[in-house]
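Q: I need the structure of the sequence given here:
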Amino acid sequence: MLKVDQYEYIRTAHRVYGKAIRQISRETGHSRNTIKRALKGQYRGYKQRERQAYPVLAPHLATIDSWLEADKDKPKKQRHTARRIYHRLRDECDYQGCESSVRRYVRAARIRLGTAVSSVFIPLDAELGKEAEIDWGNCHAVLSGAQVRLKMFCMRSKGSGKHFVRCFPCERQQAFFEGHIEAFNFFGGIFPTLIYDNLSSAVAQVLKGKKRKLQEGFIKFKAYYSFTSRFCNVNQGHEKGGVEGLVGFARRNYMVPVPEAPDLDTLNQDLLRQCYGYGGHRMAGRSRTVDELYEQEKGHLISLPPEPFDNVEICDGKVDKYATVSIDKNRYSVPVLYGGTRVRSLLYVNHVEIFHGNKQIAAHRRLYGNNKWQLDP
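A: Predicted structure coming up:
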């Protein structure tokens, strides 16, 4: 095979210095036909064979094809590899050739038989103001001197890349709704379509295909804000890859080093400041910053309703002999003079208000977990 430097020498010797083909043949050792081909046209390198020959493997090609065809109905993790085919040919069919020939044939046969097709992905630029993605992530922070495990609610615009991150003590449905409400305020509107995985706060049951049985509370919430929900296929989180990446980005950038704050509200104010600061970032492959894209996107959002969704849970109970009332498996104190009376409690994500009739008699930071006591002597 003629190498590039030899190709260059032959053409230069003949065209520039006028050397005859016979003389160049003696100098290079190449045949005159090879030199004539080099002088005739461009350097082509190796020419691909139209048909690969398998002189030793040829009697076994039909056997290999039958094994690969049969694999189509077998579990993915129990199908033939090229090495397993080689071993079977050697042990069962007295194959005397090398493994590399088997591998080369199996690779081509899988393409021909349609068994080599794997998942492929097409990168797309989403339309501005049409869709946003939502997900939860885990993180740690130091609040009032104690390290706590928190849940990060993340919402990211698919179009502009602008994002919102807020921490909660849990990922219950009420915290899920609160994250949406705060995010809608941050964006100044509602994205027409929101994309989720199959989280229990929204999905009661995954049905066949794209069908989902939704939680009643979630149906009311999305009806109030007039957006459409869309859910990923099961175990296919990459379908909302933007917000999946945001979870890791926020944890690495906003939560490192582990933040310290006197309370959760202070921590969330700092997160909000960093989310606004991200607006000056220019993502790879884009000529405009996140905020510049968002300014164009903002006009496509659904306007906010006059009042936010009433994200409050109501609980009735009776004050016990310890002057406490049991709310969501935890106890909160009230003034002793209300012992034995019926009270009504309003549960917000971060605090609890307790009423006797129309009078508020106590307010506490909300506890999560079981059998905890919140006392105010």
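Q: do you know how far Gly159 is from Glu178?
A: 24 Å (CB to CB, to the nearest Å). (Glycine included, C-beta is placed from N, CA and C.)
Q: all helices for the stretch 151-300 of the chain, in order.
A: In the stretch 151-300 of the chain, the helices defined using DSSP state H, counting those that start in this stretch lie at 173-187, 216-225, 241-253, 264-277, 290-297.
Q: CA atoms only for the first one, dumped as CSV, please.
A: Read that as helix 173-187. Output in CSV follows, covering the C-alpha atoms of helix 173-187 (Å, rounded to 0.1, in the frame of the first residue of the first chain):
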residue,chain,number,x,y,z
GLN,A,173,-47.1,17.2,48.9
GLN,A,174,-47.5,20.5,50.8
ALA,A,175,-43.8,21.3,50.4
PHE,A,176,-44.1,20.3,46.8
PHE,A,177,-46.9,22.8,46.3
GLU,A,178,-45.0,25.5,48.3
GLY,A,179,-42.0,25.0,46.0
HIS,A,180,-44.2,25.6,43.0
ILE,A,181,-45.8,28.7,44.5
GLU,A,182,-42.4,30.3,45.4
ALA,A,183,-41.0,29.3,41.9
PHE,A,184,-43.9,30.9,40.1
ASN,A,185,-43.3,34.1,42.0
PHE,A,186,-39.6,34.0,41.2
PHE,A,187,-40.3,33.5,37.4
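Q: what about that helix, average pLDDT?
A: Mean pLDDT, computed over helix 173-187, is 93.
Q: List the buried residues for it?
A: By neighbour count on 16 or more other CB atoms under 10 Å, the buried set for helix 173-187 is 173-184, 186-187.
Q: For Ala20, state which of these is nearest.
A: Among the buried residues of helix 173-187, Phe187 lies closest to Ala20 (CB to CB), at 78.5 Å.
Q: Now for that closest one: which residues touch it?
A: When contacts are counted by CB atoms under 8 Å, 6 or more residues apart in numbering, Phe187 touches 132, 155, 157, 162, 164, 298, 301.
Q: Return the distance of the fifth one relative to Ala38.
A: Yep, that's Phe164 we're talking about. Taking CB to CB, one finds Phe164 at 65 Å from Ala38.
Q: quick one, which of those two is more surrounded?
A: Between Phe164 and Ala38, Phe164 has the larger neighbour count (other CB atoms under 10 Å), namely 26 against 23.
Q: what about stretch 291-306, start to end distance?
A: Distance across stretch 291-306, first residue to last, is 25 Å (CA to CA, to the nearest Å).
Q: ok, residues contacting that stretch?
A: Stretch 291-306 is contacted from outside by 128-130, 157, 159-162, 184-185, 187-192, 224-227, 279-280, 286, using CB under 8 Å, 6+ apart.
Q: What's the PyMOL line that selects buried ones from the residues you listed?
A: To isolate the buried subset of the contacts of stretch 291-306 in PyMOL, counting by 16+ other CB under 10 Å, use the following:
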select buried, resi 128+129+157+159+160+161+162+184+187+189+190+191+225+227+279
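Q: quick one: buried residues of stretch 279-298?
A: Within stretch 279-298, the residues that count as buried by 16+ other CB under 10 Å are 279, 289-291, 293-294, 297.
Q: one step back: mind listing which of the contacts of stretch 291-306 are in strands?
A: The strands, defined by DSSP state E, take in Ser157 from the contacts of stretch 291-306.
Q: so what pLDDT did Lys213 get?
A: pLDDT, Lys213: 87.
Q: Verify the contact between it and Leu207 for me.
A: Yes. Lys213 lies in contact with Leu207 (CB atoms under 8 Å); the separation is 6.2 Å.
Q: Can you say which two of the contacts of Phe187 are spatially most distant?
A: Met155 and Lys298 (15.0 Å).
Q: Any regions of the stretch 251-377 of the chain where pLDDT drops low?
A: Across the stretch 251-377 of the chain, nothing is flagged by pLDDT under 70.
Q: for the stretch 51-200 of the chain, same thing?
A: Per-residue confidence for the stretch 51-200 of the chain (pLDDT under 70) gives these ranges: 51-52, 117-126.
Q: ok, so what distance separates Gly245 from Ala202?
A: Distance of Gly245 to Ala202, given as CB to CB: 21 Å.
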